[in-house]
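**Student:** Starting from these lines, generate the structure:
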Amino acid sequence: MTALGAGVAVLLTAGLSPAQPKAAADWQQVGYDLQSGISGLAVASRSGDTFRALVVRDNKKPGQNRIAEVTYRPGQTPDTAPLTWQGGAEPVDLEALDRVPGTSDEYVAVASRGLVYHLKPTDSGEAVEVLDISPLPAIGNGDDFESFTLTSQKGKLAAVWADRGAGDRPATLYAAPFSINTYGESKFGAVSKTEFRAPHPSGDVRHASDIDVTKSGRILISSASDAGDDGPFDSAVSEAGRLAVTDAGKWRLTLAKSPDVLRKFKGHKIEALHCVPGSDLAALGTDDENAGGSVTTARFCA
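**Tutor:** Presented below is the predicted three-dimensional model:
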């Protein structure tokens, strides 16, 4: 375990309480080919278990869709509407997305090499506009990012993100205080980091395919096994630790020595995890490569 700065203190604790087995997820297809997977997801609004979300895609070639709007309704085929990218060159390999806490329509997306995009949907609702582009801080040699989340506690913002790791190489988990200045620029405070190994799955594993932090500070991490464009795929979501603001106003990141698996999802490669605001519902998205992308929900965000 290595700390880069004093912005977020890092601790380790024993394992958390075990999860109970759950029924198989009801996945709803949002695309059927290599270009229509979901690599990041942020819920924009909800009504009960129905929600509207923005999703990003890890496409790399000019003209391929980078961001879309998905409306999810339990038991129904989701509505999917591609959005236009405005205000800058098309990004390469978008892998994560989250809404900026305290705003209704501002988002941060992150590409695999560590570029951070501050975004806002246009008034027409048919495009997103790039407000700022900046790099993640403290990028390590060989880092390949698939996860990023923003969280707010006691009026303070923090960012948590990770290099995905691969096989025997664990994920590197980063955390730092976060802010957006009056010019729309993303600013990071002192960075701390530690390592994370997924308890499940095993074999061709990406230890951190996405991250979210619940309102109470629980750190949830999705992990995925990727054997190639045709699979087979396997995924799980684990409770990895906690993030909290201390009485002194500092962020403290606590990781479990033995993270608990909350739920397993065989047959899919989860790359998007987002706790739906105001509920215990998690929205999950997959990038199943040649099989396209799917969304579902699970209840472990309380």
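**Student:** Just the CA trace of stretch 182-190, in CSV.
**Tutor:** Output of stretch 182-190 as CSV, limited to C-alpha atoms (Å, rounded to 0.1, in the frame of the first residue of the first chain):
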residue,chain,number,x,y,z
THR,A,182,-15.3,28.9,-12.2
TYR,A,183,-13.8,28.2,-15.6
GLY,A,184,-15.3,24.7,-15.6
GLU,A,185,-11.8,23.1,-15.0
SER,A,186,-11.6,19.9,-13.1
LYS,A,187,-9.2,20.2,-10.1
PHE,A,188,-7.8,17.4,-7.9
GLY,A,189,-6.2,17.7,-4.5
ALA,A,190,-3.5,15.5,-3.0
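**Student:** gap between it and the chain center?
**Tutor:** Put simply, stretch 182-190 sits 20 Å off its chain's centre (CA atoms, centre = their mean, to the nearest Å).
**Student:** Any buried residues in that stretch, and which?
**Tutor:** For stretch 182-190, burial by neighbour count (16 or more other CB atoms under 10 Å) applies to 186, 188, 189, 190. All C-beta spots, glycine's among them, are computed from the backbone N, C-alpha and C.
**Student:** Equivalent analysis for stretch 265-284, please.
**Tutor:** Across stretch 265-284, burial judged by 16+ other CB under 10 Å covers 265, 267-276, 279, 281-284.
**Student:** Check what pLDDT residue 20 gets.
**Tutor:** For residue 20, the pLDDT comes out at 40.
**Student:** right, I mislabeled it, should have said residue 14
**Tutor:** For residue 14, the model assigns a pLDDT of 57.
**Student:** before we move on, what about the one 10 residues further on?
**Tutor:** Looking at residue 24, its pLDDT reads 56.
**Student:** how about residue 290, secondary structure?
**Tutor:** Under DSSP: H, G, I helix; E, B strand; the rest coil, residue 290 falls in the helix class.
**Student:** So residue 238 is in contact with residue 201, correct?
**Tutor:** No - using CB atoms under 8 Å, residue 238 makes no contact with residue 201, being 10.7 Å away.
**Student:** Give the residues shared as contacts by those two.
**Tutor:** residue 223 (CB atoms under 8 Å, 6 or more residues apart in numbering).
**Student:** neighbour count winner among the two?
**Tutor:** Legend: neighbour count by other CB atoms under 10 Å for residue 238 and residue 201, higher for residue 238 (26 against 20).
**Student:** Would you mind measuring from the more buried one to residue 264?
**Tutor:** Distance, residue 238 to residue 264, using CB to CB, to the nearest Å: 10 Å.
**Student:** Quick check: neighbours shared by the two?
**Tutor:** Counting by CB under 8 Å, 6+ apart, the residues touching both residue 238 and residue 264 are residue 200.
**Student:** Roughly how far does residue 79 sit from residue 265?
**Tutor:** Note on residue 79: its distance to residue 265, by CB to CB, is 23 Å.
**Student:** oh sorry, the question was meant for residue 235
**Tutor:** Taking CB to CB, one finds residue 235 at 4 Å from residue 265.
**Student:** same thing with residue 128?
**Tutor:** Remark: distance between residue 128 and residue 265 (CB to CB) = 28 Å.
**Student:** hang on, the earlier thing: return the closest of the buried residues of stretch 182-190 with respect to residue 249.
**Tutor:** Within the buried residues of stretch 182-190, proximity to residue 249 (CB to CB) peaks at residue 189, which comes in at 11.9 Å.
**Student:** contacting residues around the closest one?
**Tutor:** Shown in contact with residue 189 (CB under 8 Å, 6+ apart): 5, 7, 176, 177, 178, 179.
**Student:** Spatially nearest residue to the second one (excluding sequence neighbours)?
**Tutor:** Leaving aside its sequence neighbours, residue 7 sits nearest to residue 190 (CB to CB, 6 or more residues apart in numbering; 3.1 Å).
**Student:** Go ahead and measure how far the helix or strand containing residue 177 is from the middle of the chain.
**Tutor:** Assigning secondary structure by DSSP states H and E places residue 177 in strand 171-180. Offset of strand 171-180 from its chain centre (CA atoms, centre = their mean): 13 Å.
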